[in-house]
Each structure stands twice: as C-alpha cells, then as structure tokens.
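[1] Here's my sequence, what's the structure:
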Amino acid sequence: MKFYNQAYFDRWYRDPAHRIGSRADLERAVRLAVALAESVVMRPIASVLDVGAGEGRWQPVLARMRPQASYIGIEPSEWAVAKWGKRRQLIEGDLDSIGELGLGGPFDLVVVADVLHYLPTPSLRRGLLRLAPFVGGAAWCPTFTSADQIDGDREEFQRRPPAAYHREFAAAGLWPIGMHGWVPRDVWHGLAALERGTP
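    Predicted coordinates for the structure are as follows:
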C-alpha cells in the first residue's frame with residue numbers, strides 16, 4: 001500500500017531525477033481543462049472541484065486565471081492536507097467519501113488527474129458513480145491505459161484497456177469529449193457531432 005506522505009510528494013514533484021511534469025506542463029493542463037469546461041458551460045467557470053488534489057498545485061494557477069472561481073481540493077493524504085489545506089482549500093477525503101463531505105455542487109469543472117488508473121475496478125466503478133452528480137459542466141480526468149506508455153509512479157497502476165474506461169464512465173452517465181474530458185450524457189447529446197469523442 002502506498003503512503004502519500006512528504007517523501008512521496010518530494011519524489012514525484014520535486015526530485016529532478018524522478019519528478020513528472022514541469023510548471024509549464026501544469027499551466028498547460030489547467031488551461032486545457034478550463035477551456036474545455038468553459039466551452040461546455042459557455043461562460044467563465046465559477047467553481048472547481050479537484051479530487052485527488054495532492055498538494056493542491058492547481059489552486060494557485062486557477063486563482064491567477066479565474067480569481068472569482070471557487071476551488072475545493074479533496075485529497076486522502078493527511079500530510080498534504082496538514083501542510084497545504086488552509087492555504088489551498090484542501091479537505092481530507094477521496095472518491096469513496098466525496099458524497100459525505102458536504103461539498104455542495106455541482107461544479108463547472110471537476111478534476112480527477114492521474115487518479116483513476118491506480119484504483120482497482122470496484123473502486124473505480126464506485127468512485128465514478130459517486131463523482132458524476134458533482135459534474136455540472138465538464139470533468140477533466142487524465143487517465144492512462146494498457147495502450148499507453150507511462151512515466152512516473154507505476155506502483156498499483158491498473159493496466160486496463162481504453163474500452164474498460166469508456167464502459168465505466170458511461171455506466172456513471174459521463175460521456176467523452178476528447179483530451180481526457182467527460183460530460184454528463186445530456187450535455188454530450190447537445191454538442192455538435194465532431195465535438196464529441198467516441199462513446
């Protein structure tokens with residue numbers, strides 16, 4: 001079982017020999033997710049929910065981009081929440097507990113970045129069902145499959161085929177719009193044909 005303690009975050013976010021992604025990569029990811037959500041809601045986003053937020057690295061980037069938008073980060077790491085919680089609006093929790101945290105919602109943008117491919121299938125299925133009601137605009141869920149070459153943390157990585165994720169997202173009522181974006185089914189049906197990903 002992995003421990004998401006200071007050593008884990010230091011290794012994957014700060015150690016030059018192991019860290020994945022630069023500050024510029026983070027900025028691009030945030031801009032992409034915001035653009036996808038705003039294309040769906042057709043206005044500047046007003047609310048963001050970040051599940052598996054880690055140290056809440058998205059929060060300062062979002063605060064610069066959309067200073068009026070609210071941000072809540074959900075993170076299972078006691079260390080990350082103790083270190084960054086007050087400064088970056090982090091709450092201890094995970095996909096299993098998301099419905100018990102009094103979060104309100106739904107949210108214009110829901111982020112679940114680099115989380116789902118570490119969950120066993122029962123947890124993935126349960127987590128997506130619990131997540132779906134919080135998606136008011138778009139969910140941005142970077143997830144890697146057995147068809148992808150991956151760098152970084154491979155411990156507990158679940159080598160599922162892409163079709164398995166399409167099935168689980170669809171079962172939760174979320175449909176693809178490409179570039180790791182997902183929307184509720186009724187929103188998906190309202191998009192132009194070439195805006196949709198493969199269902």
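[2] Show the low-confidence segments of this protein, by residue range.
    Counting by pLDDT under 70, the chain has low-confidence residues at 1-3, 5, 8-10, 12, 14-15, 17-19, 152-153, 198-199.
[3] Let me see the ranges of the helices in it.
    Along the chain, the stretches classed as helices by DSSP state H are 6-13, 23-41, 58-65, 78-88, 121-131, 162-171, 185-189.
[4] so which of the ones you listed comes closest to residue 112?
    Nearest to residue 112 among these is helix 121-131 (6.8 Å), distances taken as C-beta to C-beta. No exception for glycine: its C-beta is placed from N, CA and C like everyone else's.
[5] how far off helix 162-171 does that closest one point, in degrees?
    Orientation of helix 121-131 against helix 162-171 (axes from the mean of the first three to the mean of the last three C-alpha atoms, to 10 degrees) gives an angle of 40 degrees.
[6] could you measure the closest residue in space to residue 59 that isn't next to it in sequence against residue 48, distance?
    Nearest residue to residue 59, sequence neighbours excluded (C-beta to C-beta, 6 or more residues apart in numbering): residue 88, at 4.1 Å. Using C-beta to C-beta, to the nearest Å, residue 88 is found at 12 Å from residue 48.
[7] Now mean neighbour count too, for the helices of the chain, in TSV please.
    What follows is these, written out as TSV (neighbours: other C-beta atoms under 10 Å):
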stretch	mean neighbour count
helix 6-13	15
helix 23-41	17
helix 58-65	17
helix 78-88	17
helix 121-131	17
helix 162-171	16
helix 185-189	14
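[8] Would you tell me which of those gets closest to residue 146?
    Among those, helix 162-171 comes nearest to residue 146, with 7.9 Å by C-beta to C-beta.
[9] what's the distance between that closest one and the middle of its chain?
    Distance, stretch centre to chain centre, for helix 162-171: 16 Å (C-alpha atoms, centre = their mean, to the nearest Å).
[10] Can you dump the C-alpha atoms of it in CSV for me?
    Listed next in CSV are the C-alpha coordinates belonging to helix 162-171 (Å, rounded to 0.1, in the frame of the first residue of the first chain):
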residue,chain,number,x,y,z
PRO,A,162,-9.3,2.0,-23.1
ALA,A,163,-12.7,0.3,-23.7
ALA,A,164,-12.9,-0.6,-19.9
TYR,A,165,-12.8,3.1,-19.0
HIS,A,166,-15.4,4.0,-21.7
ARG,A,167,-17.7,1.4,-20.1
GLU,A,168,-17.2,2.6,-16.6
PHE,A,169,-17.6,6.3,-17.4
ALA,A,170,-20.8,5.5,-19.5
ALA,A,171,-22.2,3.5,-16.6
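[11] Many thanks, I have nothing further to ask.
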